[in-house]
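Q: sequence? don't have it. structure:
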């Protein structure tokens, strides 16, 4: 299907930040015309659906400046350079919640906004949680409330739009599906 | 939980494009220190899980410049200024697939990348599909292959990472959940 490919004619670098960078590409379209594509480069991220032995989901509530509001999400964080996603998942779980886990399984990876960004999220499921002594702490500009909630509560928060992002919505629906399949 | 709020000290506008804009906010953190937040503003989008009378899912395959590859997604598009999401959903379905629908129901809305962008996607389910005569056509820089596939095929494409984005993964899992609940 490469006949739909868009060839890069020119790349203009606009911004290079600590999290994202922005470039505008001039592209040649399949019909020979040209257009511009605004593209955000992102290092990629992980997210962790962590389930306690009491069958609660570990969530973090935090202020998201881009949204100008607090939302409740599963623990997540950006990949560091050269870091394996599974290591990032374990590190972010520890930093944000104080938990380590006996079992960490990859569930799915997906691009969040393919129309303008290359951000990919690798989603893991963590079980056999235990509190880690002297757990690594958050980055100095991160502040979160840790919560442990039932699936029913998570669905309620989703309806109330206190849970309001794609990865967390996917994770909750995944648990609903597991429950439905095991009935 | 407003004690975790980040107050804006200064906003620096970096870029204002045709799809996204970028700003860097200086913020005051809950501990009184300051940090920078890189923020993408996006108009918001809709996506449509369209199911034919033969129980096939209508998908579009397109080249995504940000990813430098083709992926298969449910039909989607950006909100125009002042446009109701349900109207956008119907318009994008028509433009990308030629289908109109008898029934359009809102399913969920979610932010795609709350860490750096305010993009929200409103996801709809469309049924009672029929081909519209003289259907509106795509924007002049959009090129897609329309496909109608079974849920089983969609799951296969997801495993093969030809389907690879959050909204489409969510939509497929939604259908799996409906199937499991109806068994």
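A: Looks like it came in fine. What you see is a predicted model, and the numbers here were worked out from it, not measured in a lab. Numbers count the residues shown, from 1 in each chain, chains lettered A, B, ... in the order given.
Q: tell me what the helix of greatest length in chain A is packed against?
A: Taking DSSP state H as the criterion, chain A has its longest helix at helix A:166-181. With contacts defined as 3 or more CB pairs under 8 Å, 6 or more residues apart in numbering or on different chains; DSSP states H and E, helix A:166-181 has these neighbours: strand A:45-50, strand A:57-64, strand A:69-73, strand A:99-111, strand A:120-131, helix A:151-159, strand B:99-111, helix B:166-181. (Glycine included, C-beta is placed from N, CA and C.)
Q: If we use 6 Å, what do you get?
A: Applying 3 or more CB pairs under 6 Å, 6 or more residues apart in numbering or on different chains; DSSP states H and E, one finds that helix A:166-181 contacts helix A:151-159, helix B:166-181.
Q: which residues does residue A:15 bridge with?
A: residue A:22 (DSSP bridges).
Q: Among the helices and strands packed on helix A:166-181, show me which one is buried the most.
A: Across the helices and strands packed on helix A:166-181, the average number of neighbours (mean count of other CB atoms under 10 Å in any protein chain shown) peaks for helix B:166-181, which reaches a mean of 20.
Q: follow-up on the earlier one: present the helices and strands packed on helix A:166-181 as CSV; the columns should include distance to residue B:97 and mean pLDDT.
A: Shown next, in CSV, are the helices and strands packed on helix A:166-181 (distance: least, CB to CB, whole Å; pLDDT from 0 to 100):
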stretch, distance to residue B:97, mean pLDDT
helix A:151-159, 29, 98
helix B:166-181, 14, 98
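Q: picking that back up, what's the angle from the longest helix of chain A to strand B:120-131?
A: Using axes from the mean of the first three to the mean of the last three CA atoms, to 10 degrees, the direction of helix A:166-181 lies 60 degrees away from that of strand B:120-131.
Q: Kindly calculate the angle that helix A:166-181 makes with strand B:99-111.
A: 110 degrees.
Q: Run through who's touching helix A:166-181.
A: A:47, A:49, A:73-74, A:121, A:151, A:154, A:158, B:110, B:112, B:166, B:170, B:173, B:176-177, B:180-181 (CB atoms under 6 Å, 6 or more residues apart in numbering or on different chains).
Q: and stretch A:106-123, how far apart are its ends?
A: In stretch A:106-123, first residue to last residue: 6 Å (CA to CA, to the nearest Å).
Q: and it, what's its mean pLDDT?
A: Stretch A:106-123 carries an average pLDDT of 98.
Q: burial measure for residue A:54, as a count.
A: Around residue A:54 sit 8 other residues, with neighbours defined as other CB atoms under 10 Å in any protein chain shown.
Q: now do the one 3 residues further on
A: Each residue near residue A:57 was counted by other CB under 10 Å, and the total is 20.
Q: Could you pull up the residues touching it?
A: The contact partners of residue A:57, taken as CB under 6 Å, 6+ apart, are A:149, A:154.
Q: Look up the residues forming beta bridges with it.
A: With DSSP bridges as the rule, residue A:57 is bridged to residue A:51, residue A:149.
Q: ok, it to residue A:14 distance?
A: 39 Å (CB to CB, to the nearest Å).
Q: Please identify which helix or strand holds residue A:88.
A: Using DSSP states H and E, residue A:88 sits in helix A:85-97.
Q: And that helix, what's buried?
A: Under the neighbour-count criterion of 16 or more other CB atoms under 10 Å in any protein chain shown, helix A:85-97 has A:85, A:88-97 buried.
Q: which one of these sits closest to chain B?
A: Closest approach between those and chain B, by CB to the nearest CB: residue A:92, at 12.0 Å.
Q: what's the pLDDT at that closest one?
A: 96.
Q: OK, contacts around it?
A: Residues near residue A:92 by CB under 6 Å, 6+ apart: A:75, A:77.
Q: How many neighbouring residues does residue A:18 have?
A: 11.
Q: A strand includes it, no?
A: No - counting by DSSP: H, G, I helix; E, B strand; the rest coil, residue A:18 is not found in a strand; it is coil.
Q: how far away is it from residue A:80?
A: Distance, residue A:18 to residue A:80, using CB to CB: 12 Å.
Q: Can stretch A:109-119 be said to contact chain B?
A: Yes - using CB under 6 Å from any CB of the partner chain, we find that stretch A:109-119 touches chain B at A:110-114, A:116-119.
Q: Farthest pair within those?
A: Among the residues of stretch A:109-119 next to chain B, the pair separated by the greatest distance (CB to CB) is A:110 and A:116, at 15.3 Å.
Q: follow-up on the earlier one: and of the buried residues of helix A:85-97, the nearest to residue B:133?
A: residue A:85 (48.3 Å).
Q: I am finished for the moment; much appreciated.
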